[in-house]
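Colleague: Attaching a predicted model along with its sequence, questions to come.
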Amino acid sequence: RTRRATPFMVLLAAYQVLLSRHSGQTDFCVGTPVAGRDSTELEPMIGFLSRTLMLRADLSGEPSFDEVLKRTRKTVIQAMGAPDVPLERLLGELGLERDASRTPLFQTIFALHTQSGEVSEGPLPGLREETFPPGWAAARTDLSLDLWPVRDGSLSGSLVYSTDLFDRESAERLAARLPVLL
């Protein structure tokens, strides 16, 4: 609160520190899904629309966690305020080719979901809505961390990883280190 950072920013900063410590890299990108209908053309469409933002992690110069949080906050605010740039245009500007087998700009995703997955009374009488936390899925990136709130105020999570890069034990060790870091 004193740093004017949201829980998303704090958790993202911790995830970036964790990745940096394990990879030895200090400059990398993390993708994060965001919902929104930023243009009037999308307003009549039915369903959930999302896009993935690319957030740069800058951990150069051995910063304190407070400094990492400050950098992360600034990056998130800038990314959320920037207009959409089509992926094809960005890839062209960077001189990269699109490859359907992998995401060209980031290899990890971080998502903080706002729904708990608990059952609630729906908006119409007699209907119930139930949100399910992410289940097993094939890895779309090398590493993907999804977190969501649970009833007692804590967080639960899912770590999806590429089995070409990680074995189960190393992924479990990585996941176990995040709460310790926090």
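Modeller: Perfect, thanks for sending it. Residues are numbered from 1 along each chain as shown.
Colleague: Give me the residues contacting stretch 169-179.
Modeller: 14-15, 18, 22, 145, 157, 159, 161, 166 (Cβ atoms under 8 Å, 6 or more residues apart in numbering). Placement of C-beta: from N, CA and C, glycine included.
Colleague: among these, which are in strands?
Modeller: Judged by DSSP state E, the subset of the contacts of stretch 169-179 located in strands is 145, 157, 159, 161.
Colleague: which residues of the protein fall in strands?
Modeller: 27-35, 50-58, 108-112, 119-121, 128-130, 143-149, 155-161.
Colleague: possible to save those as TSV with mean pLDDT?
Modeller: Shown next, in TSV, are the strands of the chain (pLDDT from 0 to 100):
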stretch	mean pLDDT
strand 27-35	88
strand 50-58	84
strand 108-112	93
strand 119-121	48
strand 128-130	61
strand 143-149	91
strand 155-161	90
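Colleague: TSV for those, including mean neighbour count and distance to Thr75?
Modeller: Shown next, in TSV, are those (neighbours: other Cβ atoms under 10 Å; distance: least, Cβ to Cβ, whole Å):
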stretch	mean neighbour count	distance to Thr75
strand 27-35	16	10
strand 50-58	17	5
strand 108-112	21	12
strand 119-121	10	34
strand 128-130	10	33
strand 143-149	20	17
strand 155-161	17	22
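Colleague: Can you lay out these as JSON lines showing distance to Ala82?
Modeller: As requested, the strands of the chain are exported to JSON lines (distance: least, Cβ to Cβ, whole Å):
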{"stretch": "strand 27-35", "distance to Ala82": "11"}
{"stretch": "strand 50-58", "distance to Ala82": "9"}
{"stretch": "strand 108-112", "distance to Ala82": "18"}
{"stretch": "strand 119-121", "distance to Ala82": "34"}
{"stretch": "strand 128-130", "distance to Ala82": "33"}
{"stretch": "strand 143-149", "distance to Ala82": "23"}
{"stretch": "strand 155-161", "distance to Ala82": "27"}
